[in-house]
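Chemist: Coordinates for the following, if possible.
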Amino acid sequence: MGLHLSLAMDVKDFQIIGDSDLLIHQVRGKRATKNEKIIPYVGLVQRLVDRFQEVQFKHIPRNQNEFPDALATIASMIQHPDSKYIDPLKIKIKDQPAHCAFVEVEIDGKPWYVDIKIYLEKGEDPEGIIINRKKTIRKLANGFFLNKNVLYKRTPNLGLLRCVDFVEATRLIEQVHAGTCRSHMNGFC
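Modeler: Residues are numbered from 1 along each chain as shown. The predicted model follows:
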C-alpha cells in the first residue's frame, strides 16, 4: 500500500526499509523465492519498484524495528489447531488511498483544515486571523503534508492520513456502514 500511495503522490526516489534481509534480497532478485505463498507478493513489489526512478533497500534488524516486531509478536500468539498450517494472507489493493476522518459540521462552510492548507500552500498566514490563532496554525502545520491539492496528516509511525471535509467524511462513513468496505471486524456498528 505504501508503494501504491507513493506512486500516486509522484514520488520519484524511494527507500524501502525491512527487517527481513532474505525478503529484501528476493525482491532485488539476488535470491530465488521458493515459498509459493510469497511469490505473488515479491512479483508485485518488483513491478511497483520498477516504476520509481531510484529505489534503495535498507535492512534494519527486527530488534531495532519496534512496530513490525510488535506485529510479529502478536501474530506468534495466535494458535491454529494444525500447527503446520499457515493461513494465507490475502491482500486486496484498492485504487484509492485509505481515508480516516473525524469531522464536525463546519460553521463557516469551509473545511476544518482550510487555514493549515492555506499556510502550507502560500507560506503565509491566512488573512483576518488573530495572532494567537496564527501561532496555533504554524504549530499544527508541522504535523501536516500538502501534496498537490491534497492535505495529509502525519502519524507517529510516518503514515499519512488524508484530510477530508464533512461531506466527504459523511460519504465515506456511509459506505463503510453500508458494507461497501466489508463488515466491521469486531461486529460493532
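
Chemist: So in this structure, where's the weakest helix or strand by average pLDDT?
Modeler: When each helix and strand of the chain is scored by mean pLDDT, DSSP states H and E, helix 66-77 comes last, with a mean of 64.

Chemist: Toward the C-terminus, what is the element adjacent to that helix?
Modeler: Following helix 66-77 in sequence order, the next helix or strand is helix 114-122 (DSSP states H and E).

Chemist: Show me which residues of that next one are buried.
Modeler: For helix 114-122, a neighbour-count test (16 or more other C-beta atoms under 10 Å) marks 114, 115, 116, 117, 118, 119 as buried. Yep, even glycine has a C-beta here, placed from its N, CA and C like the rest.

Chemist: So what touches that helix?
Modeler: 111, 125-126, 129, 133, 137-138, 140-141, 144, 146, 151, 163 (C-beta atoms under 8 Å, 6 or more residues apart in numbering).

Chemist: how many other residues sit next to residue 148?
Modeler: By other C-beta atoms under 10 Å, 7 other residues sit near residue 148.

Chemist: Hmm, I typed the wrong one, I wanted residue 15.
Modeler: 9.

Chemist: That one contacts residue 55, correct?
Modeler: Yes - with contact defined as C-beta atoms under 8 Å, residue 15 reaches residue 55; the gap is 7.5 Å.
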